[in-house]
Structures are given as C-alpha cells and as structure tokens.
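Trainee: sequence and predicted structure below; questions after.
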Amino acid sequence: MPNPFLKYLSGLASLVFPQVCRGCGESVEINRAVLCRKCEAELPRTYFEKVPGNPVEQMFWGRCQLQFATSLFFYRKGELLQDIIHQLKYKGHKHSGFYLGQQAGRILLREGMTNRFDIVVPVPLHARKEKNRGYNQSRIIAEGLEDITSIRVAGDAVIRTVYSDSQTRKGRYERWQNVEGIFKVLHKDVFRNKHLLILDDVVTTGATIEALCMAFSDIENIQLSVLTIGIAAG
C-alpha cells in the first residue's frame, strides 16, 4: 500500500523543485523526468528493430556474427537526443541515461523480444575515463533497461584495457586502429551458452562494438546482439 507521507513529500518536491522537459521546458511528472510525452513522441525513431537486415545489421555484415542489431533513434547534431546524451556523458545527468534505458526496455517489451537475451553487456569505459566521468554512461543506460525488462546487467565481467583517444574526429580505419584489441573478458564462464545484448549510447562506424564482439570470439556457444540508443545520422 502506498505510503501517504511519501506521496505527500513527492508532491511537495514537485512544487518546490518542478521538473521540466529538456525539450520544451514544460513541467513533467516527477517520476518521468527528462522529457514530456509530446517531446518523447517526437524523438526520431528508426523502427529498425522491425526490419531484418536493417542498416545497423548491415554495418556489421562481414565483421561480426550477430543475431540481431538495432538503434532506436537517429542521432543528429543539434537535435534533442544529442543534447540528452551530451548531458549524460559530460554533465553528470545520470538520470538521463536511466531514462533512455527505460525507453529501450519498453520498446523491447512491446516487440516481445526480452526473452531472447540472457545478459546485457554495456560497452566498458577505461578505468581512468570512468573515474574522471564518475560512471560509465552505457552502464547507466543498461540499468534503466534492466529496470524495465529484468535482463541482468554484467557490468564488471569485461574491461577496457587500453585508454583510447576520442573517436569523434576519426575516420573508419582510424577508429578501428584506435580500438583493436582493447577489451578483455575477465569471467568467461558468465557468458558461456548465453545470448548477450551489447549496449551502447551511439553507434557511428561500429568499430568499438566490433572490437568488443571480438573479445567474446573464443567463448563456447555464445550469441551476440547489439542495441544502441542512437545511430549517427549526419
């Protein structure tokens, strides 16, 4: 039974510290945060999860053997999704990542896909970068997805062993050189005979995700799929 005092405090907090939509600035329900329903509905969905052989799957053809791959939204410079992910990665807005993960979880539920996956693997950050940032943004997104779907997150069984420069201004070949061999699986037994859902915030060339997939290549009877929140689109 809901605690009436906690409900009162929640209502009082929303009056004193009203939460506003990052898109339009209008007030939103305190338990939703980040975006109002209207702005949420206007995020540029790809619907790739409905399309076999979609552009994300094609990105990895001949590079990784994947069961499934999708990006949920188009990620474009100057648009709302870029702002939300920027706030998550560089401004400490962890709640934005949790919210995006919840959105991803709801989409998987609607598509009846949650039973496919055994474990979610967020793309790891190097320990130094994670210490500087205070968290791994992909891990936060994964926790939001787990909150909706109950697919467990394996956030510590894989590490990034090499500190890489930013990928932002690199071409495809430079990106691959920058990430080749940078991941190490610490606990292989966790993943044996499992279907993994590799999760990241945005995919551009796929070089980082490809490198992570390669780190699992010697594990028995493993299946890999990929989900990102955004796909770079100009």
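Mentor: That came through fine.

Trainee: burial count for residue 38?
Mentor: 12 (other C-beta atoms under 10 Å). Using the backbone N, CA and C atoms, a C-beta is placed for each residue, glycine as well.

Trainee: so residue 231 is in contact with residue 46, correct?
Mentor: Yes. Taking contacts as C-beta atoms under 8 Å, residue 231 lies within contact range of residue 46: 6.6 Å.

Trainee: domains for the chain, by residue range?
Mentor: Domain assignment for the chain by automatic domain parsing gives 1-41, 43-232.

Trainee: the closest residue to residue 36 other than its chain neighbours: neighbour count?
Mentor: Nearest non-adjacent residue to residue 36, counting by C-beta to C-beta, 6 or more residues apart in numbering: residue 21, 4.0 Å away. Residue 21 has 19 neighbours, counted by other C-beta under 10 Å.

Trainee: for the protein, just list every one of the helices.
Mentor: For the chain, the helices defined by DSSP state H cover 4-16, 37-42, 55-59, 80-90, 94-110, 127-133, 137-149, 172-179, 207-215.

Trainee: from those, which stretch is densest packed?
Mentor: Among those, helix 137-149 has the highest mean neighbour count (mean count of other C-beta atoms under 10 Å), at a mean of 23.

Trainee: so residue 109 sits right up against residue 149, yeah?
Mentor: Yes. If you go by C-beta under 8 Å, residue 109 and residue 149 touch, sitting 6.3 Å apart.

Trainee: list residues touching both of these two?
Mentor: Common neighbours of residue 109 and residue 149 are not found (criterion: C-beta atoms under 8 Å, 6 or more residues apart in numbering).

Trainee: who does residue 232 bridge with?
Mentor: residue 75 (DSSP bridges).

Trainee: list the contacts for it?
Mentor: Applying C-beta under 8 Å, 6+ apart, the residues contacting residue 232 are 75-76, 202-204.

Trainee: and those, which are buried?
Mentor: Taking 16 or more other C-beta atoms under 10 Å as the criterion, what is buried in these is 75, 202-204.

Trainee: can I get those in CSV with pLDDT and distance to residue 33?
Mentor: Shown next, in CSV, are the buried ones among the contacts of residue 232 (pLDDT from 0 to 100; distance: C-beta to C-beta, whole Å):
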residue, pLDDT, distance to residue 33
75, 98, 20
202, 98, 21
203, 97, 25
204, 94, 27
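
Trainee: and of the residues you listed, the nearest to residue 164?
Mentor: residue 204 (13.9 Å; C-beta to C-beta).

Trainee: measure the closest residue to that closest one other than its chain neighbours to residue 71 for me?
Mentor: Closest residue to residue 204 apart from its sequence neighbours, by C-beta to C-beta, 6+ apart: residue 232 at 4.3 Å. Distance, residue 232 to residue 71, by C-beta to C-beta, to the nearest Å: 9 Å.

Trainee: list the contacts of residue 46.
Mentor: Listed by C-beta under 8 Å, 6+ apart, the contact set of residue 46 reads 54, 70-74, 231.

Trainee: where's it relative to residue 54, distance?
Mentor: 8 Å.

Trainee: ok, now residue 189?
Mentor: Distance from residue 189 to residue 54, by C-beta to C-beta: 33 Å.

Trainee: pLDDT of stretch 81-99, averaged?
Mentor: Averaging pLDDT along stretch 81-99 yields 96.

Trainee: stretch 36-49 too?
Mentor: Rounded mean pLDDT across stretch 36-49 is 95.

Trainee: sorry, back to before: pick out the shakiest of the domains of the chain, pLDDT-wise.
Mentor: Per-segment mean pLDDT for the domains of the chain reaches its minimum on domain 1-41, at a mean of 69.
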